[in-house]
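1. Pasted the sequence and its predicted model underneath.
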Amino acid sequence: MTVTSSPRQLKLALFGLGRLGAIRARILASQQPLIDFIAACDTKPGAAEWAVANLPPSVRFYDDPEDCMRHSGAEAILISTATATHAPLICLGLDLGLHVMCEKPIAVDVLTTQEVVQKAKSNPQLKFLVPFTRRYDDSYRAAKLLAEKGSLGEVHAVETHCIDKQDPTGNNLFLVISGGIFVDMGIHDIDVGRYFLDVKSGLTNPKRQVNRVVAMGQQVVYGDLAEYGDADNGWGLVEFANGKIMTTHLGRTTTNGYEAGTRVHGTKGHALIGANSTINRVEIRDQYGVRNASAPDAFSLYDKTFINDLDEFARAVLYDAPMSCTPEDAFEAAKIVIALQHSFRTGQPVYFSEDGLPLLETTKANGETNGTANGLVTYTANESANGGHSTGLKAI
């Protein structure tokens, strides 16, 4: 009789049991054969009770992040916490010799993002992944293959849109500390542009991938966002240094459900991905007309991606398999979205230096500037859109 041994599993601890963390917990508990989900950590009141009710008994709960990292026995961590905690948790995990997977973004400012990415690079024995959802979606991968095979000709531009359904419950209050619509929401879309546009090709200076960005926005439903230098609809334009272009429309104001899609422009053809953001392919025909059911949120539309990225991370750690996203991808996308948010807040285009950093200028209410900051300025989460003044709420 032949006994087949089970493959080694990656011992992993999950940090954060909020909206996305709860989804991650469900997937880790039942849909990741290469991962041993051994611990969960959350500091919020009520998290321990939620864990008891929803997690397998084998998953040990912690309310102290460092205690969890040091004593749970985890080899790797998945960070699904509030944005402001990402950078400190990443750095702590790397310092303790743990492999790290973290939801986007790393941080809401360029300097912190740069420091975290550098720390990851200085620990090459540890895997570090910031997964960008679209790269793990089957349709986006199919379109990428078309582009790589030359079926679309020269891909010269990308258009994206990503619009959340309106939320009357107040659950979107996290927006105040998220870094803004471009940083929080747009980073996935900007990565799509980089994914398809081969932004490193044809560069005389490989450090400088972007020429300039410009952004504008509105507060058409959530007027209070103006107080925090944010918008509920934003439009961004990115000119890459190789001459390729991308545009993105981000929003939080649909009434039917979540909508997202991408058009990849080529000289021989176009590819449309997610033109109809429906939850399935069922078409309803009744007295109200012909319609499809909309996906309620991104987690429903891209549900398989949250399985695919975890599987890739586990294979990278266990078998040294390649990963779809690199720390450089996370840094480059972060620089662009931070520049877009700055452009929206100041009403000015943002140019990039020869070192590849956004040249951020702080604009006063009277139109004067405080000088360039080479992308190293951190905006507080509630700086005003019409003057850049802070009221004290700062995100890391």
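-> Now that the structure is in, tell me what you want to look at.

2. wait, doesn't Ala40 sit right on Phe61?
-> Yes: in this structure Ala40 lies within contact range of Phe61 using C-beta atoms under 8 Å: 5.6 Å. Where you see a C-beta, it was placed from the backbone N, CA and C, and this is true even at glycine.

3. any idea what sits nearest Asp230, other than its immediate chain neighbours?
-> Excluding the flanking residues, the one nearest Asp230 by C-beta to C-beta, 6 or more residues apart in numbering is Gly180, at 4.8 Å.

4. Ala84 versus that neighbour, what's the distance?
-> Going from Gly180 to Ala84 by C-beta to C-beta, to the nearest Å gives 13 Å.

5. Looking at the two, which is more packed in?
-> The residue with more neighbours, out of Gly180 and Ala84, is Gly180; 32 against 16, by other C-beta atoms under 10 Å.

6. how about the more buried one, what does it touch?
-> By C-beta atoms under 8 Å, 6 or more residues apart in numbering, the contact set of Gly180 is 108, 228-231, 341, 344-345, 379.

7. What of Ile336?
-> By C-beta under 8 Å, 6+ apart, Ile336 lies in contact with 190, 210, 213, 238, 358.

8. And it, how close does it get to Gln209?
-> 9 Å.

9. so what pLDDT did Lys244 get?
-> On pLDDT, Lys244 comes in at 98.

10. What residues does it make contact with?
-> Listed by C-beta under 8 Å, 6+ apart, the contact set of Lys244 reads 155-158, 197-199.

11. ok, back up a step: so which of the contacts of Gly180 sit within strands?
-> Of the positions in those, not one sits in strands, assigned by DSSP state E.

12. Looking at the residues you listed, spot the one nearest Cys102.
-> Distance to Cys102 across the contacts of Gly180 (C-beta to C-beta) is lowest for Val108, with 13.8 Å.

13. nearest residue to that closest one other than its sequence neighbours?
-> Using C-beta to C-beta, 6+ apart, the nearest residue to Val108 is Gly179, at 3.3 Å.

14. these two touch, right, the one you found and Ala84?
-> No: using C-beta under 8 Å, Gly179 is not in contact with Ala84; the gap is 9.0 Å.

15. that older thread, ok, of the contacts of Lys244, which come out buried?
-> 155, 157-158, 197, 199 (16 or more other C-beta atoms under 10 Å).

16. Return the subset of the residues you listed lying in helices.
-> The members of these that map onto helices under DSSP state H are Leu197.

17. Which ones among the buried ones among the contacts of Lys244 map onto strands?
-> Those of these lying in strands (DSSP E): 155, 157-158.

18. count of neighbours near Cys91?
-> So Cys91, with other C-beta under 10 Å, has 16 neighbours.

19. Helix, strand, or coil at it?
-> helix (DSSP: H, G, I helix; E, B strand; the rest coil).

20. nearest to Val117, of the buried ones among the contacts of Lys244?
-> Using C-beta to C-beta, Val199 is the member of the buried ones among the contacts of Lys244 that lies nearest Val117, at 17.1 Å.

21. how near is that closest one to Ala120?
-> According to C-beta to C-beta, Val199 and Ala120 sit 21 Å apart.

22. Of the contacts of Ile336, which is the nearest to Asp184?
-> Comparing these against Asp184 with C-beta to C-beta picks out Ile190 as the nearest, at 11.9 Å.

23. In contact with the closest one, which residues are there?
-> 236, 238, 246, 248, 333, 336-337, 340.

24. Now tabulate these in a markdown table and tack on secondary structure and distance to Cys162.
-> Listed next are those as a markdown table, based on DSSP: H, G, I helix; E, B strand; the rest coil; distance: C-beta to C-beta, whole Å:
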| residue | secondary structure | distance to Cys162 |
| --- | --- | --- |
| Gly236 | strand | 11 |
| Val238 | strand | 15 |
| Met246 | strand | 13 |
| Thr248 | strand | 7 |
| Ala333 | helix | 14 |
| Ile336 | helix | 15 |
| Val337 | helix | 12 |
| Leu340 | helix | 13 |
